[in-house]
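Engineer: what follows is a protein structure lacking sequence information:
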């Protein structure tokens, strides 16, 4: 979209606010929007209206910058404690715990399930999110039994970014005005897990390198750097480590 569009709860979207219709993809509604049959789309929260024409997707970025879980979101969660069958995890500070089943991992049984202590990190998918019950997450695709890249995150460091910036990172190279991860990947080898909840886990060959990557992430987010500035920042912080 060429300019920022702010919507309010209960506001109906007009057809010209939707992504391009020149696609065979089904329109995907993200956080903050609700479909009222047959064709009405209504905002359920205040925020900036965002679209991705290639994916034919539309969503609302929360103006307050606070993450609200939605089914299907990829998140980085921290284990707080465990109970008989569950790990109780946090997605953001000062918010209710979410539940991660101890068997919600690839190939997990009562004997082989991972033993996660307080403070352990996991990359997970939100499997249930409604206002009537606890949010649930999982580290396995229930349809295939495979992890699909989800599971415990070992080593590395965790960095905080805004949820809006996290979503931009997850769009891929150049989309959302961010090519940072691709620029870094041309300089060094590293692993990354980006959570929609504004948590980014990074692991590289050295602590100094990992810290430099984290600084690139946080500085780009805080200063809203454009693509050229992102490239310069990576050359300055990562190439010299």
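Structural biologist: Perfect, I can see it now. Note that this is a predicted model, so its numbers are computed, not measured.

Engineer: switch to C-alpha atoms for all contacts and neighbour counts from now on
Structural biologist: Noted.

Engineer: tell me the SS of residue 216?
Structural biologist: helix (DSSP: H, G, I helix; E, B strand; the rest coil).

Engineer: which residues sit in contact with it?
Structural biologist: The contact partners of residue 216, by Cα atoms under 8 Å, 6 or more residues apart in numbering, come to 180, 230, 233, 234, 237.

Engineer: if we use 7 Å, what do you get?
Structural biologist: 233, 234 (Cα atoms under 7 Å, 6 or more residues apart in numbering).

Engineer: with the one 3 residues further on instead?
Structural biologist: Applying Cα under 7 Å, 6+ apart, one finds that residue 219 lies in contact with no residue.

Engineer: okay, and it sits in which element?
Structural biologist: helix 207-223 (DSSP states H and E).

Engineer: who touches the helix or strand that comes right after that helix?
Structural biologist: The C-terminal neighbour of helix 207-223 among helices and strands, as given by DSSP H and E, is helix 227-237. By Cα under 7 Å, 6+ apart, the surrounding residues in contact with helix 227-237 are 177, 178, 179, 180, 183, 184, 212, 216, 220.

Engineer: same thing but 8 Å
Structural biologist: Contacts for helix 227-237 (Cα under 8 Å, 6+ apart): 174, 177, 178, 179, 180, 183, 184, 212, 213, 215, 216, 220.

Engineer: got TSV for those, with pLDDT too?
Structural biologist: Listed next are these as TSV, based on pLDDT from 0 to 100:
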residue	pLDDT
174	63
177	75
178	85
179	89
180	91
183	92
184	93
212	95
213	96
215	95
216	95
220	94
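
Engineer: low-confidence ranges, the protein, go.
Structural biologist: 1-4, 21-23, 63-65, 174-176, 239-241 (pLDDT under 70).

Engineer: return the residues in contact with the residue most central in space within it.
Structural biologist: The structure's the chain has its C-alpha centroid closest to residue 196; by Cα atoms, centre = their mean the separation is 1.8 Å. Residues near residue 196 by Cα under 8 Å, 6+ apart: 67, 73, 74, 75, 76, 163, 166, 167.

Engineer: now residue 73
Structural biologist: Contacts of residue 73 (Cα under 8 Å, 6+ apart): 125, 126, 195, 196.

Engineer: which of those fall in strands?
Structural biologist: 125, 126, 195 (DSSP state E).

Engineer: as a markdown table, the residues you listed with distance to residue 151 would be great.
Structural biologist: Shown next, in a markdown table, are the ones in strands among the contacts of residue 73 (distance: Cα to Cα, whole Å):
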| residue | distance to residue 151 |
| --- | --- |
| 125 | 10 |
| 126 | 13 |
| 195 | 13 |
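
Engineer: give me the buried subset of the residues you listed.
Structural biologist: 125, 126, 195 (16 or more other Cα atoms under 10 Å).

Engineer: how much space separates the second one from residue 98?
Structural biologist: For residue 126, the distance to residue 98 under the criterion Cα to Cα, to the nearest Å works out to 9 Å.

Engineer: thought residue 96 was touching residue 90?
Structural biologist: Yes - counting by Cα atoms under 8 Å, residue 90 is a contact partner of residue 96 at 7.1 Å.

Engineer: these two - which one has more neighbours?
Structural biologist: residue 90 (20 against 13; other Cα atoms under 10 Å).

Engineer: who does that one form a beta bridge with?
Structural biologist: Here residue 90 sits in beta bridges with residue 78, as judged by DSSP bridges.

Engineer: re earlier: relative to helix 227-237, how tilted is the helix holding residue 219?
Structural biologist: Here helix 207-223 runs at an angle of 150 degrees relative to helix 227-237 (axes from the mean of the first three to the mean of the last three Cα atoms, to 10 degrees).

Engineer: all set now, cheers.
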